[in-house]
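1. Task: produce atomic coordinates for the following.
(2 chains)
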Protein chains: 2
Amino acid sequence: MPEARAAQLPPDPDGRVRAVIESLTPQLDGGRFPVKRVVGEPVTVEADCFADGHDALVVLVCWRSDAESAWRATAMTPLGNDRWRGTFTPDVVGRSWYTVTAWVDPFRSWRQELARRVEADDIRVAGLVGAHLLEDAATRATDAEREGLLEWAARLRQEKDANALKALGLDEALAALAARHPDRRFAATHPPLPLTVDRERARFSAWYELFPRSMAPEPGQHGTLRDCAERLRDIAEMGFDVLYLPPIHPIGRKRRKGSNNALAAQPGDVGSPWAIGADEGGHCAIHPELGTIKDLRFLIGKAREHGLEVALDVALQCAPDHPWVKEHPAWFRHRPDGSVQYAENPPKKYQDIYPFDFETDDWREMWLALAGIFEYWIGHGVTIFRVDNPHTKAFAFWEWAIAHLQRSHPEAIFLAEAFTRPRVMHRLAKLGFTQSYTYFTWRNTKHELTEYFVELAHGPGRDYFRPNVWPNTPDILHEYLQVGGRPAFIARLVLAATLAANYGIYGPAFELMEAEPREPGSEEYLNSEKYQLRHWDLDRPDSLARLIARMNRIRQDNPALHDNASLRFLPIDNDSLIAYYKSTEDLQDIVVTVVNLDPWHTHSGWIELDLAAFGIESGHAFQMHDLLSGARYLWSTPRNYVSLDPERAPAHVFRVRRHSRNEHDFDYFL
Amino acid sequence: MPEARAAQLPPDPDGRVRAVIESLTPQLDGGRFPVKRVVGEPVTVEADCFADGHDALVVLVCWRSDAESAWRATAMTPLGNDRWRGTFTPDVVGRSWYTVTAWVDPFRSWRQELARRVEADDIRVAGLVGAHLLEDAATRATDAEREGLLEWAARLRQEKDANALKALGLDEALAALAARHPDRRFAATHPPLPLTVDRERARFSAWYELFPRSMAPEPGQHGTLRDCAERLRDIAEMGFDVLYLPPIHPIGRKRRKGSNNALAAQPGDVGSPWAIGADEGGHCAIHPELGTIKDLRFLIGKAREHGLEVALDVALQCAPDHPWVKEHPAWFRHRPDGSVQYAENPPKKYQDIYPFDFETDDWREMWLALAGIFEYWIGHGVTIFRVDNPHTKAFAFWEWAIAHLQRSHPEAIFLAEAFTRPRVMHRLAKLGFTQSYTYFTWRNTKHELTEYFVELAHGPGRDYFRPNVWPNTPDILHEYLQVGGRPAFIARLVLAATLAANYGIYGPAFELMEAEPREPGSEEYLNSEKYQLRHWDLDRPDSLARLIARMNRIRQDNPALHDNASLRFLPIDNDSLIAYYKSTEDLQDIVVTVVNLDPWHTHSGWIELDLAAFGIESGHAFQMHDLLSGARYLWSTPRNYVSLDPERAPAHVFRVRRHSRNEHDFDYFL
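-> All right, here's what the predicted structure looks like:
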């Protein structure tokens, strides 16, 4: 089947439509939500297609971006059992559509039967039928090909020798010519399905989170956006591509929290950046002590020079002195005493935070204003947003807002910070969030990690839920990091960076291995930057910065790590060791990771590789090149011994270098 | 939650709709096709329902028949992980609809928070909020309850003691009262899903097929419908409830086939009943040698007296002398020489059969005429149709025709005789066929049977594909029956009757163990009734009629066998023995079947029962009552020995009789 460049979808079917299209994959909730891909990533479409009886079908996969009116199309091929498969590659960021169309093709059916005919009379009658079909095709053809079709028809009519006639009818060139002029009047077409085409960063990214106010070169000073700009070189050298800043807006003064979340702030306490809004402005203002909009633009510009994008945090909530509390009282719920209802989860109260009331009669105005926050920052060059607690805002708002924003800014990326129940997290991903925080931080054993990442890579969310995994965040210092020391930080870094194509760390707390909780049993940091300024000794010799740089370099260099779909866990006979691999489809890049999850003891065990899946012939030697340490091992069997001392190196990240027939194989000795 | 009798679905949602409904089950292709149940069979509906934040939800399952305008509704209960479940029981045959509706309930949310409040001031403010909610509910209440709500509101406003106020607010009667007047303005409702509600016969039936023309009491005579009526008592005594007749229409004379499918008929050859139509009429006429429409009505009436329904065969194809060939030439395809295109599958030709052309421009007229065939016979009292080769007619026709017919005749049952590819068979079931022929005839080993019946009972077709299984048909005499003798016939009978709630046999060939193929390697019968008259010696002493009667009696007596959903296979350590059970949901009826699939040798083995699933306490004895032989065995462990000699009895059909605490348990000694 040649590719039909600008195929039109057929008009409404009538009773003569005989083809059926069922079980089209991928699709999400029957087309209610889009599946997600990135530009240049192939979309493999499958469907059950068949018709009554035994006639031949033509099946095409069709696609177009929102901006195109014509569908592009390419032939699907049968896999057996009435299943068909076809692939297309979206090349435009934004909303696209795809569908499958199928029809009973009389000429193909005729040809298929002709091949089986044996009686001369039968073949002669078939010749006349075929001639008629070609004359019919000629009415749909352009001038040049019309002549050709009529000529073939005439030959079929004139040829009287049955064998010669059969050979004519089965001519490949004739089949190709006829296929270019199909009768699609009775084609069946599946309702088109939506596809979100994101840019590459949506699928593969490394985030670095920092508090700008802690970036002052002098201890005790309030850091600024300009100070952040000074840090860009280091962050870029560590290999990150997204610099994520907690809210940079004026911080409420009313009911401000003090250090370590004290109920009452002391004079000089800087408050929580998530208590948004004060006299100086709300969600579209910058905290004066951080700088100005000009400083932000400077930071964004400098970041770009270093290959970094700046991501802002959008928390849709207000401090009591946010200007909107007075300007739009209808957007908040009020208590019987006339005061504004603060956030609460009885008996807990958060008097410094006013949630928006998504049941307000003024919801339309409020939605526009909230979406306007994103629009404002996009206007100033921000293209990535980390959204705080989206699960406590109405789902319908997010679906509308993200679609609305991405219509004009398809490059915008939204990361959902929803640490909540699975169905809710998945709903947000379906509604349009580009990436999603996960439970990774709380998955620390081999069993937990295996089960969770099998689900993330291969479960129902694989087409729409893009995990972004974090070993730590300003809200979560897991006990594993509190007690495990340097090996724990390294293990979690390697796990995050290799298990998930999108990951991030909260620094400098991470590279400096900050591990002290506010109190025993708490996952909060002691002296958390959420409530106070910190000063970090970035030049500490034990900093993990160089290791992080190496890890991110490995990620950049190995396309196997740019996606999660290929993730497979490998058997290893020690519960403290976890092993898995990712590979590119052409097997040119295979990365095997082994991590010792016990930060205190050396563990060893036998790992079992699937050499057939690696494309390695049985009995051939292959090199395991540890990209972290630089060490190389020559293996030749599926079962191999590994041993990891957490003090020396809690992980291997092996690139599998195959020993090709040519002993001087480039890859092998690279 | 009380049952809301005539709940209205809410109007179109707006941006304030916060509840979400996802993954509603059962559903078929996103509601494109109905799922199937029978009257009185509960429908268990599940859905993921949740809202943003932490507010309380109310979730209802709603249903109505096509004839009702109001929805009935009942509360769903949470199963955990945001999954909800509710059940309804359809009570009207025909098309019904069901859906789920959910909303955030402010009063429930308020109550849930009140329960956790501890500070007195907090409780007093909450009291005022609650009073306001009740006053709001009062605006939606009828006179009597309005007073009650306002009274409660006043009490909440007046009570100043925090503890007393809290107790008031948490009062159960108040909760029930408020729940009766919910604010459903912002309810989310899933698009309603279709449900086909059939009568019981659709789920549980035993069919007996015979050729009326072979029913003459004298050999060599052409049997009649009146002769059939004479056979009704025997058929009813064998326990069947459907008497299925191959086509009873005038048989074409042009190109009539002779005995054993000879290309040319000899004088006196009666032809194939599937070559429909001659001078005497077409699909709405009766073959004169069989009788008249009056005779058919007599047969149908007599059958009803015996608890039997008459099923007719509808084969949508014409003999060359069918009146429609002349009256409606546009309904057939024509060859270049002007002749009508006969059926063919090159190099095979079926010159005695003209298929309808479903791509004709006159398709609307043709569809009406074809549906008219069914309407005609329904008008004469026929309510069950076996449809011949539906997969060679356009799918769209079937979907329209069955919906059209069942709209006025919801009691009509359609059995699809499509022995073809799995997707095609499933499509026909989705489109509306009530029951479907299966691959049972070709599934003879333990592995084949297990795999196939697990798929039928538990696979994706379980909600719409109702298997009707046949050990033999006039077209299929499987090799297993050709060579296996009496034990093979018994084994296949027991398998069919216990594995599938719907089954049938082609008799008297079956009970008289007709086993001779037309030629070696063929599945066709020698001297098949399809092409000639036969005379059967029904009184032969070796007839299986009494065994069949016993088997059907067992089916009637044991509700476990009336459905397939409970089917579970049991381990048994011999590949020639197959074991499985079915049970009612209350475990009052459990039937364990064991069949020796080897018709020549005795086989024995250890069967492993799942006593917990049977509700039998470990260590308690229970009785295995073989309903076929009458023998009783006392077992007390899960693992037990069975041995089956095919010459004596190739199968056990055990009813499990539990030894209750009362030693004189009725069931046990029954």
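
2. how deep is residue A:151 tucked in, by neighbour count?
-> Around residue A:151 there are 13 other residues, counting by other C-beta atoms under 10 Å in any protein chain shown. C-beta here means a position set from N, CA and C on the backbone, and glycine is covered the same way.

3. before we move on, which element is it in?
-> helix A:143-158 (DSSP states H and E).

4. which helices and strands does that helix pack with?
-> Using 3 or more C-beta pairs under 8 Å, 6 or more residues apart in numbering or on different chains; DSSP states H and E as the contact criterion, the neighbours of helix A:143-158 among helices and strands are helix A:120-138, helix A:162-169, helix A:172-179.

5. what sits against the residue in the stretch 151-300 of chain A that chain B sits nearest to?
-> Minimum separation of the stretch 151-300 of chain A from chain B (C-beta to the nearest C-beta) falls at residue A:186, amounting to 6.9 Å. For residue A:186, the residues meeting the contact criterion (C-beta atoms under 8 Å, 6 or more residues apart in numbering or on different chains) are A:10, A:13-14, A:16-19, A:103-104, B:359.

6. just curious, which of those is nearest to residue B:275?
-> residue B:359 (23.3 Å; C-beta to C-beta).

7. Give the burial count for the closest residue in space to that closest one that isn't next to it in sequence, as a bare number.
-> Here the nearest residue to residue B:359 in space, its sequence neighbours aside, is residue A:16; by C-beta to C-beta, 6 or more residues apart in numbering or on different chains that works out to 4.9 Å. Burial of residue A:16, expressed as a neighbour count using other C-beta under 10 Å, amounts to 17.

8. Might you report the residue contacts of residue A:16?
-> A:185-186, B:358-360, B:363, B:394 are the contacts of residue A:16 under C-beta under 8 Å, 6+ apart.

9. one more time with 7 Å, if that's ok
-> With contacts taken as C-beta atoms under 7 Å, 6 or more residues apart in numbering or on different chains, residue A:16 has the following neighbours: A:186, B:358-359, B:363.

10. repeat for residue A:39
-> Taking C-beta under 7 Å, 6+ apart as the definition of contact, the neighbours of residue A:39 are A:90-91, A:93, A:197, A:199-200.

11. and the end-to-end length of stretch A:309-323?
-> Start and end residues of stretch A:309-323 are separated by 29 Å (C-alpha to C-alpha, to the nearest Å).

12. List the buried residues of it.
-> Applying a neighbour-count criterion of 16 or more other C-beta atoms under 10 Å in any protein chain shown, the buried positions in stretch A:309-323 are A:309-323.

13. Can you flag which of the residues you listed belong to helices?
-> Where the buried residues of stretch A:309-323 overlap with helices, as defined by DSSP state H, the overlap consists of residue A:323.

14. out of the buried residues of stretch A:309-323, what pair is the most spread apart?
-> Greatest spatial distance in these: A:309 and A:320, 33.0 Å, computed using C-beta to C-beta.

15. Got the confidence number for residue A:13?
-> Here, the pLDDT recorded for residue A:13 equals 50.

16. scratch that, residue A:130 is what I was asking about
-> 97.

17. Also the one 5 residues further on?
-> Residue A:135 carries a pLDDT value of 97.

18. which ones are touching the residue in the stretch 501-650 of chain A positioned nearest to chain B?
-> Distances from the stretch 501-650 of chain A to chain B, computed as C-beta to the nearest C-beta, single out residue A:523 as the nearest residue at 20.2 Å. By C-beta under 7 Å, 6+ apart, the contact set of residue A:523 is A:476-478, A:517.

19. Same check on residue A:605?
-> Residue A:605 makes contacts with A:572-574, A:577, A:642, as judged by C-beta under 7 Å, 6+ apart.

20. Could you do residue A:335 as well?
-> Going by C-beta under 7 Å, 6+ apart, residue A:335 touches A:341, B:125.

21. hmm, back to that, for the residue of the stretch 151-300 of chain A closest to chain B, helix, strand, or coil?
-> At residue A:186, secondary structure determined by DSSP: H, G, I helix; E, B strand; the rest coil is coil.

22. likewise residue A:260?
-> Looking at residue A:260 with three-state DSSP, the answer is helix.

23. Quick check: it vs residue A:351, distance?
-> From residue A:260 across to residue A:351, the span is 17 Å (C-beta to C-beta, to the nearest Å).

24. Then residue A:217?
-> Distance of residue A:217 to residue A:351, computed by C-beta to C-beta: 36 Å.

25. more neighbours, the two?
-> Neighbours of residue A:217 and residue A:351, each counted by other C-beta under 10 Å, are more numerous for residue A:351; the result is 15 against 9.

26. quick one: that one from residue A:328, how far?
-> 20 Å.

27. same thing with residue A:230?
-> When distances are taken as C-beta to C-beta, residue A:230 and residue A:328 turn out to be 38 Å apart.

28. Count the neighbours of the residue in chain A that chain B sits nearest to for me.
-> Evaluated by C-beta to the nearest C-beta, chain A has residue A:30 as its residue closest to chain B, separated by 3.3 Å. Residues contacting residue A:30 under the criterion other C-beta under 10 Å number 15.

29. What sits closest to residue A:119 if chain neighbours are left out?
-> Excluding the flanking residues, the one nearest residue A:119 by C-beta to C-beta, 6+ apart is residue B:347, at 7.3 Å.

30. which ones are touching that neighbour?
-> A:116-118.

31. Isn't the residue of chain A closest to chain B up against residue B:30?
-> Yes. Between residue A:30 and residue B:30 there is a contact at 3.3 Å, judged by C-beta atoms under 7 Å.

32. Now do the same contact list for residue A:349.
-> Contacts here follow C-beta under 7 Å, 6+ apart; on that basis residue A:349 touches residue A:342.

33. That one bridge partners, please.
-> Under DSSP bridges, the beta-bridge partners of residue A:349 are residue A:344.

34. if I look at it, how far off is residue B:587?
-> Relative to residue B:587, residue A:349 is positioned 52 Å away (C-beta to C-beta).

35. Tell me the confidence at the residue nearest to residue A:422 when sequence neighbours are not counted?
-> Counting by C-beta to C-beta, 6+ apart, residue B:81 is the residue found nearest to residue A:422 once chain neighbours are left out, at 6.8 Å. pLDDT, residue B:81: 96.

36. What strands line up against the longest strand along chain A, and which way round?
-> The residue-count maximum for a strand in chain A (DSSP state E) belongs to strand A:94-104. Using DSSP bridges, the strands paired with strand A:94-104 are strand A:57-65 (antiparallel), strand A:188-189 (antiparallel), strand A:193-198 (antiparallel).
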